[in-house]
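Engineer: test case, fold it:
(chains A and B)
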Amino acid sequence: MNSRSLQTTIIFLVVGGILALALGGYLGSASRQLGSVLIELQTWISTRFVGFQDFVTAPRDIVSLRQRNAELEAQVSQLQTQVIELQQRVNETDILAALVDFSRSNPESTYKAASVIGRDPSPFLHYIIINRGSNEGIRRGMPVVTNQGLVGRIDAVIADAARVQLITDPASSINVYLQNADTSAVLFGSVTGDLSLDMISQDVVVEPGDLILTSGLGGGFPADLIIGQVITIRTLEFELFQQATVQPAVDFSRLEIVLVITNFRPVDISPLEPVSTPSP
Amino acid sequence: MRNIVAFPLLLLAVILQSSVISEVRLLSGYADLPLLLIAAWALQERVNSAWHWGAFACLLVAFVSSMPWLVVVVGYFGVIFLARILQKRVWQAPLLAMFSVVFLGTLFIHLLSFIVLSLLGTSLGFRDVLGLITLPSLLLNMFFAIPIFTFMRDLSYWVYPLEEFA
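Structural biologist: Numbering: from 1, shown residues only, chains lettered A, B, ... in the order given. Have a look, this model is predicted:
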């Protein structure tokens, strides 16, 4: 055996011996330490390599990420638009369902649904414009309601649109009936949109929360349409009548769809009103 | 010939006034877009069709609004009259003239509305009108005055090109 083969044999024996000792569990602590050092070394190298790789490939990723971000933002805005449209449809469906329930519960009247498309350009007046007109049978004086209560009456009509005077208009006055107090009164609008009751007899007890309905007197509106509730009462002994403030049942700031009562025609009682003749 | 832009522009302004501006309230007041447009138009030096624009604006607003047509006609023509006077006297400070016309014009139209509606039997409280309608409307009109004046000035350059004006 020459010296080279002897060296090879020794190396194999040493390595084999160490391997045998390791497999036999005699080098446990030494192999763990060696293993931990190797793992730390590999971790260090791997971390540095990943950092280097990120550094090299980052610009390309930013471009692709920006493109992807732009795509996703466009998709998000598209979905948001769809969500808004669907929410609007849900709102309209809710309103229409409530109006259908209302019309079913009041079968004595026939209704024509209309969308609110505008308001009076002047802030002094409380009028709305609806998208139904004489082509759909809408006529001047017809009452306008929602499922919550009375809105107003048709003031002017053209072929495909109509103008509605709200009950909150300062020129509006309606004969009403206080259900709990069993008495009549007159409801007035105001320039601020607040409603007030007047002409309540002094000997009638009116409580906050009393329900206010149309009385039908004067022929301008059908009877028993809900208007609102009494909030506060003002009683002064030296005045002829009591006054009250009213919480309307309808939210006039959020009117979207209304119902026109098409089978009601107002009665013109002006020929029956007494005419003041000049004294001789 | 380019003056026919008044028809779509004022029509759009009245539609916007009825459907959008009237929903953007400050207390109970809101801006008056047709008033701002005709005031800004009448203040442009090159413009000689302010009365025509005013007449068309009156026609549209009186058609849509329940306000007596007399208020609309006298109010808008009064604003144009005021604007034409100020345009000749304060021509070096157009923005000051615009603010003045909007301020005085808003007060004039609201005072006229108050008087006419009161005469027609509508119950209006002067304090309510002043505090809840006129002053907020005035503030909103002043707020929109500058952008609308700028827009109408650019429009006047297009309707009345320099060579035609000269």
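Engineer: taking the stretch 51-200 of chain A, what residue is nearest to chain B?
Structural biologist: Proximity of the stretch 51-200 of chain A to chain B (C-beta to the nearest C-beta) peaks at A:Gly118, 3.5 Å away. (Glycine included, C-beta is placed from N, CA and C.)
Engineer: not counting sequence-adjacent ones, nearest residue to that residue?
Structural biologist: Among residues not flanking A:Gly118 along the chain, B:Ser18 sits closest, at 3.5 Å (C-beta to C-beta, 6 or more residues apart in numbering or on different chains).
Engineer: quick one: whichever residue of chain B sits closest to chain A from A:Gln87, how far?
Structural biologist: Proximity of chain B to chain A (C-beta to the nearest C-beta) peaks at B:Ser18, 3.5 Å away. As judged by C-beta to C-beta, to the nearest Å, B:Ser18 and A:Gln87 stand 24 Å apart.
Engineer: between the two, who's got more neighbours?
Structural biologist: A side-by-side neighbour count of B:Ser18 and A:Gln87, using other C-beta atoms under 10 Å in any protein chain shown, places B:Ser18 first with 23 against 10.
Engineer: and the residue sitting nearest the centre point of chain B, what element?
Structural biologist: Residue closest to the average C-alpha location in chain B (C-alpha atoms, centre = their mean): B:Leu35, at 1.1 Å. Here B:Leu35 sits within helix B:33-42, counting by DSSP states H and E.
Engineer: which residues touch that helix?
Structural biologist: With C-beta atoms under 8 Å, 6 or more residues apart in numbering or on different chains as the test, helix B:33-42 has contacts from A:121, B:9-10, B:13-14, B:16-17, B:21, B:47, B:50, B:53-54, B:57, B:60-61, B:75-76, B:79-80, B:83-84, B:87, B:98, B:101-102, B:105-106, B:109, B:141, B:144-145, B:148-149, B:151-153, B:155-156.
Engineer: of those residues, grab the buried ones for PyMOL.
Structural biologist: To isolate the buried ones among those in PyMOL, judged by 16 or more other C-beta atoms under 10 Å in any protein chain shown, type:
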select buried, (chain A and resi 121) or (chain B and resi 9+10+13+14+17+21+47+50+53+54+57+60+61+75+76+79+80+83+84+87+98+101+102+105+106+109+141+144+145+148+149+152+153+155+156)
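Engineer: in its sheet, what does the strand or helix carrying A:Ile233 sit against?
Structural biologist: Taking DSSP H and E as the criterion, A:Ile233 maps to strand A:226-234. According to DSSP bridges, strand A:226-234 forms sheet pairs with strand A:211-214 (antiparallel), strand A:241-248 (antiparallel).
Engineer: so for that strand, what's the average pLDDT?
Structural biologist: For strand A:226-234, mean pLDDT is 90.
Engineer: what comes up buried for that strand?
Structural biologist: Neighbour counts over strand A:226-234 (16+ other C-beta under 10 Å) mark A:226-231, A:233 as buried.
Engineer: need those in JSON lines with distance to A:Phe252, can you?
Structural biologist: Shown next, in JSON lines, are the buried residues of strand A:226-234 (distance: C-beta to C-beta, whole Å):
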{"residue": "A:Ile226", "distance to A:Phe252": "14"}
{"residue": "A:Ile227", "distance to A:Phe252": "12"}
{"residue": "A:Gly228", "distance to A:Phe252": "11"}
{"residue": "A:Gln229", "distance to A:Phe252": "15"}
{"residue": "A:Val230", "distance to A:Phe252": "18"}
{"residue": "A:Ile231", "distance to A:Phe252": "16"}
{"residue": "A:Ile233", "distance to A:Phe252": "23"}
